[in-house]
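[1] sequence and predicted model, in that order:
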Amino acid sequence: MDQKKIGLFLKTLRNEKGITQEQLAEHFHVSNRTVSRWETGTNMPDISLITEIADFYDVDVRELIEGERKNMNEEIKDVAVKMADYAAAEKGRLFKLVRIISMIGTGLMTVAIALQCAVYEPNPFRALAVFLSFIVLVAMAITTLYANGVLSKLVKKRGFVIATRVIVIVLIVISVRFIVAGAILFGMGAIEMATPFKNLSGVDNYSKEYLLSEYSSDLDSGFFIFPDNTDSALEADYDSSLKTGLFDTDGYVFLTATYDEKGFEKEVDRLSGITCTVFDTLYENSDYHIEKVMYDTEMYSYPAYITMDGYDDVYEYALLDDENNRIVYALISYPEFTNLLKYQKYLKKDKTAYIINGSSLDRFSIYSFSFKDGIWSEYDPGDAGRITTGSPK
């Protein structure tokens with residue numbers, strides 16, 4: 001097969017037809033460059049187009065393949081046409097399968113990327129995985145468009161080409177940003193994980209003022225449950241293990257205090273009257289909400305006054321041991337039960353209740369409240385005169 005001869009023949013036929021390469025390309029839905037390659041003999045027309053080109057120029061398929069006009073009887077011509085039709089049908093079935101696979105693959109890859117982004121955590125490896133997934137998605141999308149014959153039409157549109165280039169550049173910039181940020185945060189996270197818990201024990205180490213200054217902001221807590229001091233207790237014990245990381249504070253605080261009967265009743269009266277007023281500072285006539293401490297007799301092995309129950313993964317409560325005039329004050333952030341073995345009797349009876357479905361901001365807290373327009377206001381225990389307002393964290 002002499003491709004240059006065929007190309008010259010195709011050029012002669014086009015000139016006889018009196019049309020330009022651009023007009024021919026538009027008729028067969030190909031690019032000008034493709035037509036040019038046909039006529040220079042660089043490439044041959046796709047087999048599915050051979051019959052169409054022959055009909056367009058009113059020549060036989062064999063004449064196109066041989067690059068010159070021949071005398072062909074009708075029977076031979078009919079066989080050639082049928083062979084071309086058969087080849088086109090075979091190719092059509094193949095492309096149909098490719099189209100189906102491409103569309104399914106594109107859909108699955110889109111879902112995979114969405115799932116990765118939904119549970120994304122700063123990490124260079126996860127960022128790289130998302131970036132590579134985007135690259136695969138783009139490649140599969142291009143394959144799908146090509147298999148459906150859409151790409152050849154779109155590439156002729158200058159606006160589409162420019163938009164595609166812009167999107168690709170933006171995706172690359174965003175991906176690089178995520179990879180760099182992920183690497184930085186991963187490095188900081190490694191430092192955070194290496195930071196040990198700060199452990200304090202003994203009632204002499206209990207200081208509500210210290211807890212407020214160091215941890216109230218991270219824990220979204222005013223430590224209202226905890227007493228200002230243990231002077232009125234007959235005996236007390238204190239144990240805390242806290243670690244402030246890049247995003248939050250983990251650990252626990254337990255204060256156990258035993259009172260005489262009068263002191264116990266006085267402390268229970270204080271606990272039962274705990275309230276917190278949260279203001280909506282976005283509006284001139286600021287709205288406000290007063291939340292009261294929750295009293296519960298079911299969740300724990302003792303009756304409990306609760307100020308936080310899973311909000312931002314923090315639990316703050318006081319357990320009443322009436323028989324011994326003893327009160328256990330507790331705060332737990334992101335419960336790690338392996339670290340709380342010695343405090344099992346002070347935890348919830350049903351450990352599955354700690355499993356949070358959905359946003360933990362839906363859990364109970366007297367320190368936070370969602371006002372209209374989705375604005376979330378939080379009482380700032382570090383400064384009673386200041387209220388922080390914004391979207392949920």
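    Received it, and whenever you're ready, just let me know what you need. Numbering: from 1, shown residues only.
[2] which SSE is immediately downstream of the helix or strand residue 318 falls within?
    Residue 318 is part of strand 314-321, with elements assigned from DSSP states H and E. For strand 314-321, the following helix or strand on the C-terminal side (DSSP H and E) is strand 326-333.
[3] and the angle from that next one to strand 314-321?
    Orientation of strand 326-333 against strand 314-321 (axes from the mean of the first three to the mean of the last three Cα atoms, to 10 degrees) gives an angle of 170 degrees.
[4] strands paired with strand 326-333, and their directions?
    Here strand 326-333 has these sheet partners by DSSP bridges: strand 249-258 (antiparallel), strand 314-321 (antiparallel).
[5] for the record, mean pLDDT for the last one?
    Just to be clear, that refers to strand 314-321. Per-residue pLDDT values over strand 314-321 give a mean of 97.
[6] got any ranges where the stretch 201-350 of the chain has weak pLDDT?
    246-247, 281-286 (pLDDT under 70).
[7] circling back to that earlier point, need the strands paired with strand 326-333 in CSV (columns: distance to residue 306 and mean neighbour count).
    (C-beta placed from N, C-alpha, C; glycine too.) Output for the strands paired with strand 326-333, formatted as CSV (distance: least, Cβ to Cβ, whole Å; neighbours: other Cβ atoms under 10 Å):
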stretch, distance to residue 306, mean neighbour count
strand 249-258, 15, 21
strand 314-321, 4, 23
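[8] wait, which of those strands is closest to residue 279?
    strand 314-321 (21.0 Å; Cβ to Cβ).
[9] can you give me the helices in the stretch 1-150 of the chain?
    Counting by DSSP state H, counting those that start in this stretch, the stretch 1-150 of the chain has helices at residues 3-17, 21-28, 32-40, 47-57, 61-66, 74-118, 124-147.
[10] rank those helices by mean pLDDT and give me the bottom one.
    Among these, helix 74-118 scores lowest, at a mean of 66.
[11] could the strands paired with strand 326-333 go into JSON lines alongside distance to residue 47?
    Listed next are the strands paired with strand 326-333 as JSON lines, based on distance: least, Cβ to Cβ, whole Å:
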{"stretch": "strand 249-258", "distance to residue 47": "66"}
{"stretch": "strand 314-321", "distance to residue 47": "69"}
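[12] report how many residues lie close to the residue nearest to residue 54 when sequence neighbours are not counted.
    Among residues not flanking residue 54 along the chain, residue 61 sits closest, at 4.9 Å (Cβ to Cβ, 6 or more residues apart in numbering). Neighbour count for residue 61, taken as other Cβ atoms under 10 Å: 20.
[13] isn't residue 61 up against residue 51?
    Yes: here residue 61 reaches residue 51: they are 6.2 Å apart, a contact under Cβ atoms under 8 Å.
[14] confirm residue 377 sits in a strand?
    Yes: checked against DSSP: H, G, I helix; E, B strand; the rest coil, residue 377 lies within a strand.
[15] burial measure for it, as a count.
    Neighbours around residue 377, by other Cβ under 10 Å: 23.
[16] could you measure from it over to residue 368?
    7 Å (Cβ to Cβ, to the nearest Å).
[17] residues contacting residue 241?
    197, 198, 199, 200, 251, 252, 339 (Cβ atoms under 8 Å, 6 or more residues apart in numbering).
[18] strands - which of these land there?
    When the contacts of residue 241 are checked against strands using DSSP state E, the ones located there are 198, 199, 200, 251, 252.
[19] what residues of stretch 57-66 count as buried?
    57, 59, 60, 61, 63, 64, 65 (16 or more other Cβ atoms under 10 Å).
[20] the last one contacts residue 6, doesn't it?
    So that's residue 65. Yes: counting by Cβ under 8 Å, residue 6 is a contact partner of residue 65 at 7.0 Å.
[21] that's a strand at residue 237, yeah?
    Yes: Residue 237: assigned to a strand according to three-state DSSP.
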